[in-house]
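**Student:** below: sequence and its predicted model.
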Protein chains: 2
Amino acid sequence: MSLTCGFAWLDVEVGMMASMADVARRANVAVSTVSYALNGTRPVAKATAERIHRAMEELGYRPNALARGLASKRSRNIALIFPMLERGLGLTEMEFVSAAAETAGELGYHLVLWSTPLGDTDLLTRLTRQGLVDGVVIMEVHLDDARIEMLRRTGVPFCMIGRTGENREDPFADIDFESTIRDAVAHLAGLGHRTVGFINHSRASFDAGYGPSVRAARAFEEAARDSGLRHFSRFCDDSPTAGREMWPEIVAAQPGVTGVIVMNERAGAGVLAAILRSGARVPEDFSVLSVASSERVAEMTYPPLTTFHPPAAELGRLGVQVLIDRLEGGEVPLVQQLIPCRLVLRDSTGPATRQPGAGI
Amino acid sequence: MSLTCGFAWLDVEVGMMASMADVARRANVAVSTVSYALNGTRPVAKATAERIHRAMEELGYRPNALARGLASKRSRNIALIFPMLERGLGLTEMEFVSAAAETAGELGYHLVLWSTPLGDTDLLTRLTRQGLVDGVVIMEVHLDDARIEMLRRTGVPFCMIGRTGENREDPFADIDFESTIRDAVAHLAGLGHRTVGFINHSRASFDAGYGPSVRAARAFEEAARDSGLRHFSRFCDDSPTAGREMWPEIVAAQPGVTGVIVMNERAGAGVLAAILRSGARVPEDFSVLSVASSERVAEMTYPPLTTFHPPAAELGRLGVQVLIDRLEGGEVPLVQQLIPCRLVLRDSTGPATRQPGAGI
DNA sequence: TTGTAGGCGTTATCAG
DNA sequence: CTGATAACGCCTACAA
């Protein structure tokens, strides 16, 4: 008795994993019965179940994930396609990843990170064919994305964060850029701004068909026109320097400007710096409205940025949930969810007071 | 012929995974031979190998990761213990995670993210006992960390990012806070500052034995004393607000202060804001030196922060490499590497010019 | 140089 | 309600 106990204890401490066979032996039942008791796949007598569970306890038993996956053809792993960008990922993405990992855990799944270059379909194919994961959540989707095409063809279950140009039947969760940008324009218009600008990500990202760049650009043109505002748009590299260098050009070309919407966190900081350095004030002379930039960054600038902040955590959670629903439920409704960014008022926007054309 | 070809094509496209048996059949060899050819575990005739590889190509064969792991008892998965903090993770951590994921991929491993609350040893135990991963890289290590204790006991291979209080035999990669802080103090001293302060993370983090908080605090006291500087230290919550609120108290209590070292990204932004709002200038009146805060944030403040920036990517890469070395190499030397933060000069530090005690 | 066969720890299909 | 016993896809002695 005490000997057995000793062994069990040893097993637990040393991590010499106990198998189902061990549990079965100790509970005096067949392995299959242990399996059934574990998964509730088949009714098991109360007394038997009790014995089995006690044996598991005593042995510190945990089912082997690999064996389980091999036998059931369901690994309970999902992958997060984690784009390998030169420019690196931001805080928004970090929030997203955290939420995804947490959600996966809660639902009994493991999240594996596949760091892959954006265009590398081959690598992705090789990875998915290893049978390690049951499906994937894919980030940074482009309007015309070869990776999505490949996932569709090969029948790998997936959920997009973002979306392609034409989405027929594929599940996704994305920011509602249309409504967000409309709200942003309305915010400035409501403050009396008559000439507003839009500072986008780089031209390269737009040309590559990066969803946010393209959708926001279109949405801005439309919303500004509908509001009867004078307006202009600019592409800008994702760096403070680029933003700083662009500002003088903007004021020169658009003398009437009093407000800008910036969907480029890093460039936004540069714009802010350029304005202050020029001797102008924010928001008295110029309003700067940040879109889809992280809380943490927005509150660190001077002045703190009024911002439409992205639902990163919601997207992460949703993406994983939707994917797992598809993996488990046989026929689940198609989820294609758009979530708008939420306005957080800080100190970088205010009534338009600067006289158009007045010197700065 | 064309029929077979057709099937192969179909298999590849539809993802109906081909197994080793399929390859063996097509190449007219035994499964074991395929295995040997694949892993180079045993010499295989050139012609045979060729046939096998061709068959693999044609079938789009990829070895099944689960089966391989089950049979070999090596999953080629490693986990990243990804702390679930209320306050969330920052850009530095994001860089770290990216590098870890990338490195794992390069070395033929998968990185799985285990989002676990800091104290939850039980959860961690359950996870490691599933046999899904061969080892773990563990972040946010505390001086007295129950998780490490548990990993040691259960014999799970691991590598720490950070380190516990007394490290005998455990591999780690960590920031060299001692030398970094010494350099930081020297930087300010060299600029002529005679009274300097240190703004740490929260008292809670210090009391919890969070390595960076504790080591940096000690290092600062020592370095400042050795340099013959007047000095003081403060704990501060990780938020701009906390930093902003703390500043007036500091100036009141330490009238001679001309420079502060801030190891708290978010509080640092608040301090900067408070100084500017008070009408003082940075760096003319006060120098603000940021330690271990991310590039991306430092360049976005106004003025851009001079900073000792953390080797996040190196740590991520190193942590994974060291772990995998241990998993593969039988007897590898113990790696316990400290990497200092690197000084990046920006605009927030300069010569001490303010007259001590002069009004601001 | 190659083939045969047992085993890795589950699940799931048979019977009882 | 429960027990045997094939798979699952691969690795690795042991034989030939």
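**Tutor:** Perfect, I can see it now.

**Student:** next up, phi/psi of A:Gly329, please.
**Tutor:** With angles defined as degrees, to the nearest 10, A:Gly329 sits at phi -60, psi 140.

**Student:** list the contacts of whichever helix or strand A:Ser233 is part of.
**Tutor:** In the assignment (DSSP states H and E), A:Ser233 maps to strand A:230-234. Residues outside strand A:230-234 that contact it (C-beta atoms under 8 Å, 6 or more residues apart in numbering or on different chains): A:194-200, A:217, A:220-221, A:224-225, A:246, A:250, A:253-254, A:256-257. Using the backbone N, CA and C atoms, a C-beta is placed for each residue, glycine as well.

**Student:** if you set the cut-off to 10 Å instead, what comes out?
**Tutor:** A:185, A:188, A:193-200, A:203, A:216-217, A:220-221, A:223-225, A:243, A:246, A:249-250, A:253-254, A:256-257, A:259-262, A:264, A:267, A:356 (C-beta atoms under 10 Å, 6 or more residues apart in numbering or on different chains).

**Student:** so which of those sit within strands?
**Tutor:** Per DSSP state E, strands hold the following members of those: A:195-199, A:259-262.

**Student:** just the buried members of those residues?
**Tutor:** A:195-199, A:259-262 (16 or more other C-beta atoms under 10 Å in any protein chain shown).

**Student:** what's the most distant pair in those?
**Tutor:** The two members of these with the most space between them (C-beta to C-beta) are A:Thr195 and A:Val262, at 15.5 Å.

**Student:** what's the closest non-adjacent residue to A:Val156?
**Tutor:** The spatial neighbour of A:Val156 that comes closest, neighbours along the chain excluded (C-beta to C-beta, 6 or more residues apart in numbering or on different chains), is A:Thr128 at 5.0 Å.

**Student:** quick one, what contacts A:Asp325?
**Tutor:** Counting by C-beta under 10 Å, 6+ apart, the residues that A:Asp325 touches are A:107, A:159, A:171, A:332-333, A:335.

**Student:** recalculate using a threshold of 8 Å.
**Tutor:** Applying C-beta under 8 Å, 6+ apart to A:Asp325 gives the contacts A:332, A:335.

**Student:** quickly note the distance from it to A:Pro333.
**Tutor:** When distance is defined by C-beta to C-beta, to the nearest Å, A:Asp325 is 9 Å away from A:Pro333.

**Student:** A:Thr125 too?
**Tutor:** From A:Thr125 to A:Pro333 the distance is 29 Å (C-beta to C-beta).

**Student:** spell out which parts of chain A neighbour DNA strand D.
**Tutor:** Contacts of chain A with DNA strand D, taken as C-beta under 7 Å from any atom of the strand, map to A:28-33, A:36, A:42-45, A:47-49, A:67, A:70-71, A:73.

**Student:** now that we have the contacts of strand A:230-234, which of them are buried?
**Tutor:** Neighbour-count burial (16+ other C-beta under 10 Å) applied to the contacts of strand A:230-234 gives A:185, A:188, A:193-200, A:216-217, A:220, A:223-224, A:243, A:246, A:250, A:254, A:257, A:259-262, A:264, A:267.

**Student:** A:Arg182 and A:Ala224 touch, don't they?
**Tutor:** No. If you go by C-beta atoms under 8 Å, A:Arg182 and A:Ala224 don't touch, sitting 9.7 Å apart.

**Student:** number of nearby residues for the residue in the stretch 51-200 of chain A that DNA strand C sits nearest to?
**Tutor:** Ranking the residues of the stretch 51-200 of chain A by distance to DNA strand C (C-beta to the nearest atom of the strand) places A:Ala71 first, at 2.8 Å. Residues lying near A:Ala71 (other C-beta atoms under 10 Å in any protein chain shown) number 12.

**Student:** low pLDDT regions in chain A?
**Tutor:** Flagging of chain A using pLDDT under 70 yields the residue ranges A:1-15, A:355-360.

**Student:** for A:Cys159, give me its contacts.
**Tutor:** Here A:Cys159 is in contact with A:135-138, A:171-173, A:319-320, A:322-323, A:326, A:335 (C-beta under 8 Å, 6+ apart).

**Student:** mind checking the SS state of it?
**Tutor:** Taking DSSP: H, G, I helix; E, B strand; the rest coil as the rule, one finds A:Cys159 in the strand state.

**Student:** residues near whichever residue of the stretch 251-360 of chain A sits closest to DNA strand C, how many?
**Tutor:** In the stretch 251-360 of chain A, the residue that lies nearest DNA strand C is A:Glu328 (12.5 Å; C-beta to the nearest atom of the strand). Using other C-beta under 10 Å, A:Glu328 is surrounded by 14 other residues.

**Student:** which ones are touching it?
**Tutor:** Going by C-beta under 8 Å, 6+ apart, A:Glu328 touches no other residue.

**Student:** which of the residues in stretch A:22-40 are buried?
**Tutor:** A:22-24, A:26-27, A:29, A:33-38.

**Student:** one more: stretch A:262-279?
**Tutor:** Residues of stretch A:262-279 classed as buried: A:262-276 (neighbour count, 16+ other C-beta under 10 Å).

**Student:** stretch A:40-55 now?
**Tutor:** Under the neighbour-count criterion of 16+ other C-beta under 10 Å, stretch A:40-55 has A:44, A:48-49, A:51-53, A:55 buried.
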